[in-house]
Structure formats: C-alpha cells, structure tokens
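Enquirer: whatever this is, show me its structure:
(2 chains, ligands or ions: 2)
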Amino acid sequence: MSVLVYVEQVEGKFKKSVFEAVSYAKALADQQGTSLSAISIGNVADSELNELGKYGASKVLKVEADQLKNFVNQAYASVIAEAAKKENANIVVLSNSFSGKGLAPRVAVKLEAGLIDGAVELPSSDFSVKKTAFSGKAFAITTLTSANKVIALNPNAFGVKENPTNIAIEAFSPEVKSSDLAAMVKEIVRATNKVSLPDAEIVVSGGRGLKGPENWGMVEELADLLGAATACSKPVSDADWRPHSEHVGQTGIAISPNLYIAIGISGAIQHLAGVSSSKVIVVINKDPEAPFFKVADYGIVGDAFEVVPKIIAALKAHKG
Amino acid sequence: MKILVCISNVPDTTTKITFTADNTQFNTAGVQYIVNPYDEIALSRAIELCEGGKGTVTVVNVGESSTEPTIRKALAIGADDAVRINAAPRDAYFVAKQIAEYAKSNEFDMILCGRESIDYNGSQVAAMIGEFLDIPSVSIIKKLDYDGSTATIEREIEGGKEVLSVNGKFVASCAEGTAEAKIPNMRGIMSARTKPLQTIEAVNVPEMSKISKFETPAPRGSVKLIPAESAEELIGLLHTEAKVI
Ligand SMILES: Cc1cc2nc3c(=O)[nH]c(=O)nc-3n(C[C@H](O)[C@H](O)[C@H](O)COP(=O)(O)OP(=O)(O)OC[C@H]3O[C@@H](n4cnc5c(N)ncnc54)[C@H](O)[C@@H]3O)c2cc1C
Ligand SMILES: Nc1ncnc2c1ncn2[C@@H]1O[C@H](COP(=O)(O)O)[C@@H](O)[C@H]1O
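Expert: Ligands and ions are numbered 1, 2, ... in the order given. Alright, predicted model coming up:
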C-alpha cells in the first residue's frame, strides 16, 4: 500500500498546482500511515524533480521516453497505472487540471478504481471525500468503496504545504504500446505571459456592464498589477468581446481563486455557480440591487469607469 | 459515418439546489430537466458533420424512463435515433461502462460527450468510455473537424490550446466553441415523436463510489460596502483585513 502522485510538467517545469497535489498526497499518505512516491513523465531536469521533496515526496519515478514528450492521455494513463502497480500504490492523486480531467478517468478504469474528481478536502476515516457538485452550488460527500482509489484535486483547495523529505530519483521505462499513441499532438499554443485562469490565485472579471471590448484595458491593467488572470461573463464571450476560454460560470470554467473581482457583472445564478467558491469576492456594480452583492465580501456601488481607475491608482501607490 | 452522442438529463441551470432526507437526496420537487448544455453542443456538432447525408447521429442516455422527454428533445434538435439504457446512472464508471458495452456491439466512427454534466461535474464519462473501448479520448475540446478517417481536434489547455490529430475511432468531450447549440424547430419537434427510441437493459457493474451526503456552501457574511468616492480604500482592506493581496 502506498500513495502515488502524478506530477504534470509544463515545458519541463512544475506549477503551483503540482506542489499542491504533492502536499495533499503527502498529508493523505501520512493519514494512511504509508509512503508517497511521485511519477513524472516528459523531460524534467533533476533539479526540478528534487523540488518535489520539499513537499513530502520521498521518491520520484521519472519517465523520459521520446514518444512521451507530449501529453497523450492514453499513453500517460498506461504509464501511471504501471507506476501504481510497481509502487504497490492503492491511491493515485492528480491535479484536476485540463489534462488531469482527461487522464484521471482512464487511470481509474485501468486500476478498477473509484474516482473523485474535484476533491476539495482530505478523505475522512471511511474514505469519504468532499467534492464540488452542481457547478459549485453544492458539495457531494462521496465515499469510495473500491479497493483502489483515484483522486483529482481542485486547484487552490488544499494549499501548498512544505514538508521537506529526502527524495530519490529513479528512472522508470515501462513499455508503451503503439496503440496508446494513436492521438498525435500537432501543435501547442500557449500564451506564456498570461496567468492561466483555472489555477490563478486572483481573477479580475468583466461583464456586459463594461459596454464593449475596447474598455477591457482597465481590466487588464488591474489584473497585471495584481498578477491576476482575466475572466468574463457568458454574454461577453458570446459577443466575442473576449475569448471563450475566459468565460466562467455554470457553462464555462468553474474557478475558486483567493480573490475574485467582478466588474459590471449582475451575478446571475449561472455565473455565481462557477465563482461562488472563491474565498473573497469583490463586486463593483452601479446597481445597488445587483444580485452579486448578496454573495460579495466587499462591494462598491458605482460606475466602473470611475471606480476602477481609482483602485488602479491606489494599487500603484500601495505597491510603491 | 455514424456518430454516437451521449446525453445526460440534468436540472435546468436556474434550479435552486436543495436536498432532502437529511441531506442525502437531491430534492427533485419542481425541478425542470434539460439536455445537459454541453451535450447540446456535442449533438449540434455531430449533426453538422452529418449534414447532407454524410452520416447518422444516434443519441444514448443512461437513465430511467423519466428521462425520455430529454431524449425526445435531442431527437427534435436533429438526432436520427435514440437508445436509452434502462438504469439510474449510479456514477460515471457505471454510465461509461454501459455506453462502452453498447458501442462495442454497434459500429460508431466517433463518440461525443459534453465536457461535463452540470449536476455532478465529473468530466469523467468520455475518457472512461475511451479506456473501456481502448481507443483515444480527448477531453474538453473546442473544435472538431473530420475528413472521414482522421479527426483534427483542438483542446483547451491552461493558458492556451493544443491541436491533435486522431486516426480511427475516438471519443471526445465537447466544450463551447465546438458548435453553436441548435434550437429545435417545429418540424424537428413533430418528427421527434416518431423517431426510433430503443430501450435496452443495463449490464452489471461493480460499485465504485456512492454519494453519502450533500452540503451547501457556508453562507457568506454580509457585504461590506465601500463608498464609490473612496474606492481606493478597497486596496487597504484587501491587504490588511482580507489578506489576499
Ligand atoms: C443555460 C444557461 C447557462 C448560462 N451559463 C452562464 C455562465 O456559465 N456564465 C455566465 O456568466 N452566465 C451564464 N448564463 C447567462 C446568465 O444568465 C446571465 O445572463 C449573465 O451572467 C449576465 O452577464 P452580465 O452580468 O455580464 O450581464 P448583465 O446581466 O447585462 O449585467 C450587467 C451588469 O453591469 C452593471 N453595469 C452596467 N453599467 C455599469 C457601469 N458603468 N459600472 C458598473 N456596473 C455597470 C449592471 O448594473 C448589471 O448588473 C447562462 C444562461 C443560461 C440560460
Ligand atoms: N446518464 C448519462 N447518460 C448518457 N451520457 C451521459 C450520462 N451522464 C453523463 N453522460 C455524458 O458524459 C458527459 C460528461 O459527464 P460527467 O462525466 O458526468 O461530467 C456528459 O456531458 C454526457 O455527454
């Protein structure tokens, strides 16, 4: 029995969500009285792999095969399942990222394991795990009754916790079936200068109240100053003012940042569904009756075109 | 070309979510059910790909007879026929296994799902079907083209996109961008009544998980209002009080 955590690399680096998954997996291993190994696929320098020790992994299996350079969920799932067998792991932890969502279900089927997607807490003694449901309108406490278990952890749910451990790096080269490589990655386009929305700690979001795409300059400036990602309501992306990838809510991305700033968004139930698990919510809206104020921590009733520049100026002063 | 589209029957997006029986059951009283919004996107793309006699679209739902109005809605949007696998959808593993078993005995070129069902938000079913059938799966796609044997697919990744090419059969879960959701017209609604809807029995699947309880998020304290004239105070409060910047 042991716990295995999959550490997703992006261009050879680990993101915060990976360290969070390792922190969670370490706490889970401690709770189960067992050890934690990690599995890394793709080219990652040993110095980067060593970072995993900081958060409690005592071993990392590194798989560097050329044909596994790009993420292909079918092949990666096989490798992770092989690693779980090798490590005698009965619990596999991953991040509930875009790639994680395509990977965890395949790993679960391979291991005949029950799967919790979107976990937000450690399991209780009977292996019940709290997860988000109904697009953030509720939580479902789900009990895994299978012997093997897979957990996909929501970003920002557990936090990064240091737990320095000596880590051993071990090369691992399981066989990869060619049929596992039937999907081929042709191109990857990544905006490197932008904070990605699902794992952003701060999100600045704009709605129809901003009148048009030409007014997003102040949203972006505020986001830049805060190191935040930008988001929008559905009508804004429907009108092509902003890309679909920024649309949050019930039919967009569900997010749970530490701080969500909503500018000119009314707070319709479908919008709230995707953002209400944010830790702190700030609402700027000229209508005091806007439903969003009911779920806000801080509110400013006023015209965004006057309020936001003031906030930007104050933030610049604050940062010195 | 034959396309299978998986549709789930979910509470309307405006539903106020409440629970009964000591928070162990979802309260279905007065709830309106709809085709999962992402599945409408998947279905609409499937119909587009088959336009002009290029193929047929079958929809499948794992559900009890109460889901039939939702299945008829999918037929009204433009699916050619439908299959209901007669069982309450226990969890994603159960649902995916049922659909995979059905797909094994019927030849489909591709299977399309929604990115997630808006009730339990698993994002699990598509990739599980792929694994049960041992074929590729691509999750959270925003573009899908097909030339009869090779699919070109764009999927979302953190801060960008990835373009993949897939040969042969595959499963994909569709998000916004893949298609505009089609709205049924009068002719569609009329013809949906007579389109074939077959019911088949479920296979046995071991239990993997069960929901033991629901919780609703803790209510937030009341909002602290800052006058617009002194909007700059927000920064101090976020720094010293909320400690988030
Ligand atoms: C099936 C379905 C799914 C949906 N899914 C989603 C979803 O995932 N995400 C989503 O966001 N929506 C979703 N919606 C749409 C949702 O119901 C609302 O229509 C939408 O959220 C409204 O967007 P908005 O708040 O930007 O626009 P509006 O509702 O038009 O609100 C604009 C707000 O801006 C304020 N305002 C105007 N001018 C100013 C100013 N100068 N300064 C400050 N404030 C100003 C107004 O007071 C108003 O409150 C969905 C709807 C359906 C039916
Ligand atoms: N009961 C069901 N019957 C048919 N398809 C389903 C069912 N539940 C989920 N799906 C499909 O799987 C997708 C993802 O669902 P989920 O994994 O539950 O988030 C949905 O968008 C549907 O396409």
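
Enquirer: count of neighbours near whichever residue of chain B sits closest to chain A?
Expert: Residue nearest to chain A within chain B (CB to the nearest CB): B:Ala228, separated by 2.9 Å. The C-beta positions use only the backbone N, C-alpha and C, and glycine is treated the same way. For B:Ala228, the tally of surrounding residues (other CB atoms under 10 Å in any protein chain shown) stands at 16.

Enquirer: show me what residue of chain B gets nearest to ligand 1.
Expert: B:Thr13 (4.0 Å; CB to the nearest ligand atom).

Enquirer: so that residue is in contact with A:Gln250, correct?
Expert: Yes - B:Thr13 lies in contact with A:Gln250 (CB atoms under 8 Å); the separation is 5.3 Å.

Enquirer: common neighbours of the two, please.
Expert: Common neighbours of B:Thr13 and A:Gln250, using CB atoms under 8 Å, 6 or more residues apart in numbering or on different chains, are A:Ile269, A:Gln270, A:Ala273, B:Pro37, B:Ile118.

Enquirer: identify the farthest-apart pair in these.
Expert: Of all pairs drawn from the shared contacts of B:Thr13 and A:Gln250, the greatest distance, 13.8 Å, lies between A:Ile269 and B:Pro37 (CB to CB).

Enquirer: anything in contact with each of these two?
Expert: By CB under 8 Å, 6+ apart, A:Ile269 and B:Pro37 have these common neighbours: A:Gln250, B:Thr13.

Enquirer: who's in contact with the residue nearest the centre of chain A?
Expert: Closest to where the C-alpha atoms of chain A average out (CA atoms, centre = their mean) is A:Pro155, at 3.4 Å. Residues in contact with A:Pro155, defined by CB under 8 Å, 6+ apart, are A:Ser17, A:Glu20, A:Ser95, A:Asn96, A:Ser97, A:Pro198, A:Asp199, A:Ser256.

Enquirer: try it again with 10 Å
Expert: For A:Pro155, the contact set (CB atoms under 10 Å, 6 or more residues apart in numbering or on different chains) comprises A:15-17, A:20-21, A:95-97, A:100, A:118, A:196-201, A:255-257, B:158.

Enquirer: now do the SS call for it.
Expert: Per DSSP: H, G, I helix; E, B strand; the rest coil, the local secondary structure of A:Pro155 is coil.

Enquirer: with B:Lys213 instead?
Expert: strand.

Enquirer: try the one 4 residues further on
Expert: Three-state assignment for B:Pro217 (three-state DSSP): coil.

Enquirer: A:Ser278 too?
Expert: When classified by three-state DSSP, A:Ser278 comes out as coil.

Enquirer: can you pull the contacts of B:Asp81?
Expert: B:Thr56, B:Val57, B:Thr58, B:Val59, B:Val60, B:Leu75, B:Lys195, B:Pro196, B:Leu197, B:Gln198.

Enquirer: wait, which of those residues is closest to ligand 2?
Expert: Closest approach to ligand 2 among the contacts of B:Asp81 (CB to the nearest ligand atom): B:Val60, at 5.7 Å.

Enquirer: how many residues are close by the closest one?
Expert: Look at B:Val60: counted by other CB under 10 Å, it has 27 neighbours.

Enquirer: what residues are bridge-paired with it?
Expert: B:Cys6, B:Val83 (DSSP bridges).

Enquirer: still on that earlier bit, please flag which of the contacts of B:Asp81 sit within helices.
Expert: Mapping the contacts of B:Asp81 onto helices (DSSP state H) picks out B:Leu75.

Enquirer: in which helix or strand does B:Glu68 reside?
Expert: Following DSSP states H and E, one finds B:Glu68 within helix B:68-77.

Enquirer: who does that helix touch, helix- and strand-wise?
Expert: Judged by 3 or more CB pairs under 10 Å, 6 or more residues apart in numbering or on different chains; DSSP states H and E, helix B:68-77 is in contact with strand B:9-11, strand B:33-35, helix B:37-50, strand B:56-63, strand B:81-86, helix B:186-192, strand B:197-201.

Enquirer: quick one: the third one to strand B:56-63, angle?
Expert: So that's helix B:37-50. 160 degrees (axes from the mean of the first three to the mean of the last three CA atoms, to 10 degrees).

Enquirer: chain center to helix B:37-50: distance?
Expert: With CA atoms, centre = their mean, to the nearest Å as the basis, helix B:37-50 stands 11 Å off its chain's centre.

Enquirer: please apply the same query to the last one.
Expert: From the chain centre to the centre of strand B:197-201 is a distance of 20 Å (CA atoms, centre = their mean).

Enquirer: likewise the second one?
Expert: Here the centre of strand B:33-35 is set off from its chain's centre by 11 Å, with CA atoms, centre = their mean.

Enquirer: give the partner strands of it in its sheet and their orientations.
Expert: Counting by DSSP bridges, the strands paired with strand B:33-35 are strand B:9-11 (antiparallel).

Enquirer: averaged pLDDT, the partner strand. What do you get?
Expert: The average pLDDT within strand B:9-11 is 96.

Enquirer: right, and the helix or strand after it?
Expert: Counting by DSSP H and E, the next helix or strand C-terminal to strand B:9-11 is strand B:19-20.

Enquirer: so what does that following strand touch, helix or strand wise?
Expert: Judged by 3+ CB pairs under 10 Å, 6+ apart, the packing partners of strand B:19-20 are strand B:25-26, strand B:209-215.

Enquirer: partners of the first one, with directions?
Expert: Okay, so that is strand B:25-26. Here, using DSSP bridges, strand B:25-26 pairs with strand B:19-20 (antiparallel).

Enquirer: what do you get for the longest one?
Expert: The sheet places strand B:209-215 alongside strand A:138-144 (antiparallel), with pairing taken from DSSP bridges.

Enquirer: mind saving the C-alpha coords of the strand it pairs with as CSV?
Expert: This file holds the C-alpha atoms of strand A:138-144, laid out as CSV (Å, rounded to 0.1, in the frame of the first residue of the first chain):
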residue,chain,number,x,y,z
ALA,A,138,-23.2,22.3,-3.5
PHE,A,139,-20.7,19.7,-2.4
ALA,A,140,-21.2,16.0,-2.6
ILE,A,141,-19.5,13.9,0.1
THR,A,142,-18.6,10.9,-2.0
THR,A,143,-17.4,7.6,-0.5
LEU,A,144,-15.0,5.5,-2.5
